[in-house]
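[1] What follows is a predicted protein model with its sequence.
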2 protein chains.
Amino acid sequence: MYFPDEEFEHRLHRAQTMMSEASLDALFVTNETDLRYFTGFLTRFWESPCRPWYMVVPASGKPIAVIPAIGAELMGRTWIDDIRTWPAPQPDDEGISLLIDTLRPFGRVGTPMGQQSSLRMPLSGWQTLNAAHPIVDDAGILRRLRLIKSDHEIAMISKSCATAGRAFARVPEIAQPGTPLSRVFRDFQSLCLQEGADWVPYLAGGCAPSGYGDVISPASDRPVQNGDVLMLDTGMVTNGYFCDFDRNWSIGDPADDVARAHEELIKASDAAFAIARPGIKASDLWRAMADIVGATDTGRLGHGLGLSLTEWPSLTSDDHTQIEEGMVLTLEPGIEIAPGRLMVHEENIVIRKTGAEFLSPRQAPEIPVIS
Amino acid sequence: MYFPDEEFEHRLHRAQTMMSEASLDALFVTNETDLRYFTGFLTRFWESPCRPWYMVVPASGKPIAVIPAIGAELMGRTWIDDIRTWPAPQPDDEGISLLIDTLRPFGRVGTPMGQQSSLRMPLSGWQTLNAAHPIVDDAGILRRLRLIKSDHEIAMISKSCATAGRAFARVPEIAQPGTPLSRVFRDFQSLCLQEGADWVPYLAGGCAPSGYGDVISPASDRPVQNGDVLMLDTGMVTNGYFCDFDRNWSIGDPADDVARAHEELIKASDAAFAIARPGIKASDLWRAMADIVGATDTGRLGHGLGLSLTEWPSLTSDDHTQIEEGMVLTLEPGIEIAPGRLMVHEENIVIRKTGAEFLSPRQAPEIPVIS
């Protein structure tokens, strides 16, 4: 196990304190990140949507796993003792009766229902469960738990950031003029793996003359060309903990507006970094960047990260979440140089007692050039 | 776009025929695979759980996308014309009022609720939606649609299988005795990318003396050793279409029971392949393999695949789904040589009019040796 048991004991203790305040007798969680939060259970098997996985976290005592038999061995290597299984797939009763039995001793049971949450089980099973044991909202407990990262978590995210930093530094090896962008995407993922990523769940980017059109598309086969701005944005993982930042390159000497836009982006992320500390609000970080890049819409300019690529809070004008020690955030300002010519920059930071530290290796104002 | 518009018109036509039979006025879908099925919308941005995405498929007329503004440009490159957006994230109303407006003209609206389905939106939004417009079960329509693959889909899965086949053939380059298994996992993902995978969503495996203990764990740093059986199982994608098969290697000469187990596994997948044709049942394929490997429990010995790593049907004793032309399946027999010493083999096949074809390059009975 990549974390000591004390890490999970501490998480459980925080959860149980919040459950007591919210008068909940248990939490019920179903998705990868929430289950991993309480157990460290790490597998890529979540890619298979066939089997649901359940976990019950009581207001006192250790969590109970209610999972497909295929996961028993791996779950047995975590700190969890009480592992109840059924021989999934079993469509007529996909663990639901076992789950109802498990929940019987508990009265008020909450599950995450708010922003960014998801229920990872079929609705038919959810309806059967609720008919037997109505489930209520978790009062935001999972969100509040996961907002604040422990030192162990910060170290793991930091490792992912360092790995990505080394991979980004090697991009000139793989992104010469003439190379198809799809090849650059494949080779960049290989660089991440060579530098130590466990796997690369996320890679997006763009490459077009003097700025790209969007930031979520897969790569085309169009070759990288002189005059392009290339952007790569990755979320790779170390023991399941993400980094999430990007880098831009000018292919050949940058146009003046490209060079200027890149400087403004760095100025914006630096401005947010400078004020980032406990006590301010997520919206303050948004404003520090928006004032520089001239953002007026409600798009977000950063977000939390950790067990997933993006987490709460959102750095938007109307997210007034208090910034606290232990939060890990992306600062992600964007500039539209002209219609359809966008540039986005992103760094990862951690909030400490009196300020912020960069987890990603801060990018200098001058856009790197590949020639 | 990697498929012509006619592909999506054909899918829509099939859906609308089924909707008419089921007296549904529209389908409502929220998750990556179902949305991709109707649109071809391909992005790795689903890795970000912050924003829900919605699609309404009417009983007549084209699908309507109700999506975060950040996806409008990419969705605009698909065959979809009617794209309605909101400036997500917007926690107070994460597209729900826009969605309710969009659904207003439709009476009975169904969403997938059965096995393997999932709702990808917060439950709070789901409850608000249902209070305004109750949503019913989709009568299994998405399952029935996706069970049968088109020629375009089969070609894409076939391409993923061929790519994985080339990567598997190169494993002796990266898995020498002394190499940590975690290194083998990283390098194998690089081989997949070098051979043409777009990305590698899934890699599992095992490596231990004369058979491995489980098949869903991440890799440890333990070095590969003489006497080990190494297994790698990958789901890589081409334009979002998966392969899902594995290969085993003996590190040094295999023990007799390992060599024999491998031969039995191939005999089992060959036996299922031999009877695979339209008209038999999923459980018949299970039995053909179970009779050879001596499986008595209810674990499955294969499944569908396509837009996701695993799909319906399950090859189990009690899944009596009719096998039809156009299904793509894995044949995945397993043998427990001794307690804690498992071997699993997997091939991918497509069902044609009069029999099956291998999509993965069929493995010979002799276990490959790395020395």
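    In hand now; what should we look at?
[2] going forward, measure contacts and count neighbours with C-alpha atoms only.
    OK.
[3] buried residues in stretch A:2-10?
    For stretch A:2-10, burial by neighbour count (16 or more other C-alpha atoms under 10 Å in any protein chain shown) applies to A:7, A:8.
[4] oh, I was asking about stretch A:247-262
    So, applying 16+ other C-alpha under 10 Å, buried residues of stretch A:247-262: A:247, A:248, A:249, A:250, A:251, A:252, A:253, A:254, A:258, A:259, A:261, A:262.
[5] do the same with stretch A:320-330
    For stretch A:320-330, the neighbour count (16+ other C-alpha under 10 Å) marks A:320, A:321, A:323, A:324, A:325, A:326, A:327, A:328, A:329, A:330 as buried.
[6] just checking, what packs against the helix or strand where residue A:130 lies?
    Per DSSP states H and E: residue A:130 is located in helix A:123-132. Contacts defined by 3 or more C-alpha pairs under 8 Å, 6 or more residues apart in numbering or on different chains; DSSP states H and E place helix A:123-132 against helix A:96-103.
[7] Let me know whether the helix it packs on sits next to chain B.
    No: on the criterion C-alpha under 8 Å from any C-alpha of the partner chain, helix A:96-103 is out of touch with chain B, staying 12.2 Å away.
[8] what's next to that helix, contact-wise?
    In this structure, residues lying in contact with helix A:96-103 by C-alpha atoms under 8 Å, 6 or more residues apart in numbering or on different chains are A:54, A:56, A:66, A:84, A:86, A:125, A:128, A:129, A:132, A:133.
[9] Residue A:362 and residue A:84, how far apart?
    46 Å (C-alpha to C-alpha, to the nearest Å).
[10] picking that back up, in strands, which of the buried residues of stretch A:320-330 appear?
    Counting by DSSP state E, the part of those found in strands is A:328, A:329, A:330.
[11] Among those, which one lies nearest to chain B?
    residue A:330 (13.2 Å; C-alpha to the nearest C-alpha).
[12] hang on, isn't that closest one packed against residue A:306?
    No: using C-alpha atoms under 8 Å, residue A:330 is not in contact with residue A:306; the gap is 10.4 Å.
[13] Do a quick rundown of the helices in the stretch 251-371 of chain A.
    A:256-275, A:282-293 (DSSP state H, counting those that start in this stretch).
[14] which of those helices sits most buried?
    By mean neighbour count, with neighbours taken as mean count of other C-alpha atoms under 10 Å in any protein chain shown, helix A:282-293 ranks first of these at a mean of 22.
[15] Tell me which residue is most central in chain A.
    In chain A, the centroid-proximal residue (C-alpha atoms, centre = their mean) is residue A:309; its distance is 2.1 Å.
[16] And residue A:35, how close does it get to residue B:252?
    Going from residue A:35 to residue B:252 by C-alpha to C-alpha gives 39 Å.
[17] hmm, back to that, are any of the contacts of helix A:96-103 buried, and if so which?
    Neighbour counting by 16+ other C-alpha under 10 Å classes A:54, A:56, A:66, A:84, A:86, A:125, A:129, A:133 among the contacts of helix A:96-103 as buried.
[18] In which helix or strand does residue A:173 reside?
    With DSSP H and E as the test, residue A:173 turns up in helix A:171-174.
[19] And that helix, how far out from the chain middle?
    A distance of 26 Å separates the centroid of the chain from that of helix A:171-174, by C-alpha atoms, centre = their mean, to the nearest Å.
[20] mind listing what's buried in it?
    Neighbour count says helix A:171-174 has residue A:171 buried, by 16+ other C-alpha under 10 Å.
[21] Residue A:318 against residue A:284, yeah?
    No: taking contacts as C-alpha under 8 Å, residue A:318 lies outside contact range of residue A:284: 9.6 Å.
[22] Flag every residue of the stretch 251-371 of chain A that's near chain B.
    A:298, A:299, A:300, A:308, A:309, A:310, A:311, A:314.
[23] mind pulling up the phi and psi values for the residue lying closest to the third one once chain neighbours are set aside?
    Yep, that's residue A:300 we're talking about. Spatial nearest neighbour of residue A:300, chain neighbours left out: residue A:316 (4.7 Å); criterion: C-alpha to C-alpha, 6 or more residues apart in numbering or on different chains. Torsion angles at residue A:316 (phi, psi; degrees, to the nearest 10) stand at phi -130, psi 170.
[24] Ok, residue A:232 next?
    Taking degrees, to the nearest 10 as the convention, residue A:232 sits at phi -130, psi 130.
[25] if I look at the residue lying closest to it once chain neighbours are set aside, how far off is chain B?
    Closest residue in space to residue A:232, ignoring its immediate chain neighbours: residue A:205 at 4.4 Å, by C-alpha to C-alpha, 6+ apart. Distance from residue A:205 to chain B, counting by C-alpha to the nearest C-alpha, to the nearest Å: 11 Å.
[26] what about residue A:205, which SS state?
    strand (DSSP: H, G, I helix; E, B strand; the rest coil).
[27] pretty sure it is touching residue A:217, no?
    Yes: with contact defined as C-alpha under 8 Å, residue A:205 reaches residue A:217; the gap is 7.1 Å.
[28] neighbour-wise, which of those two wins?
    residue A:205 (23 against 20; other C-alpha atoms under 10 Å in any protein chain shown).
[29] Retrieve the pLDDT associated with the more buried one.
    Here, the pLDDT recorded for residue A:205 equals 95.
[30] and if you look at the one 10 residues further on?
    The model reports residue A:215 with a pLDDT of 87.
[31] Please apply the same query to residue A:101.
    Looking at residue A:101, its pLDDT reads 98.
[32] between the contacts of helix A:96-103, which is nearest residue A:72?
    Checking those against residue A:72 by C-alpha to C-alpha gives residue A:84 as the nearest, at 8.2 Å.
[33] Return the set of residues that bridge with the closest one.
    Beta-bridge partners for residue A:84, by DSSP bridges, are residue A:66.
[34] Contact partners for it?
    A:64, A:65, A:66, A:67, A:98.
[35] hmm, back to that, in a markdown table, list the buried residues of stretch A:320-330 along with pLDDT.
    Formatted as a markdown table, the buried residues of stretch A:320-330 follow (pLDDT from 0 to 100):
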| residue | pLDDT |
| --- | --- |
| A:320 | 96 |
| A:321 | 98 |
| A:323 | 98 |
| A:324 | 98 |
| A:325 | 98 |
| A:326 | 98 |
| A:327 | 98 |
| A:328 | 98 |
| A:329 | 98 |
| A:330 | 98 |
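[36] CSV please, covering the helices of the stretch 251-371 of chain A and showing distance to residue B:186 and mean pLDDT.
    Formatted as CSV, these follow (distance: least, C-alpha to C-alpha, whole Å; pLDDT from 0 to 100):
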stretch, distance to residue B:186, mean pLDDT
helix A:256-275, 32, 98
helix A:282-293, 37, 97
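[37] so which of these comes closest to residue A:140?
    Distance to residue A:140, taken as C-alpha to C-alpha, is lowest for helix A:282-293 among the helices of the stretch 251-371 of chain A, at 17.4 Å.
[38] Which strands or helices does the closest one pack on?
    On a contact count with 3+ C-alpha pairs under 8 Å, 6+ apart, helix A:282-293 meets helix A:256-275.
[39] now the helix it packs on: how far from the chain's centre is it?
    Centroid displacement of helix A:256-275 relative to its chain, using C-alpha atoms, centre = their mean, is 23 Å.
[40] Report the inter-axis angle for that helix versus helix A:282-293.
    If you take axes from the mean of the first three to the mean of the last three C-alpha atoms, to 10 degrees, helix A:256-275 sits at 150 degrees to helix A:282-293.
[41] hmm, who's touching helix A:256-275?
    With contact meaning C-alpha under 8 Å, 6+ apart, helix A:256-275 is reached by A:210-211, A:285-286, A:288-290, A:292-293, A:331-335, A:337, A:343-347, A:349, A:355-356, A:363-367.
[42] Quick one, which of those residues are buried?
    Among the contacts of helix A:256-275, those classed as buried by neighbour count (16+ other C-alpha under 10 Å) are A:210-211, A:285-286, A:288-290, A:292-293, A:331-335, A:337, A:343-347, A:349, A:356, A:363, A:365, A:367.
[43] Kindly report the domain assignment for chain A.
    Per the record, chain A has its domains at A:5-146, A:151-370, by automatic domain parsing.
[44] Quick one: end-to-end length of the shortest one, please.
    Start and end residues of domain A:5-146 are separated by 17 Å (C-alpha to C-alpha).
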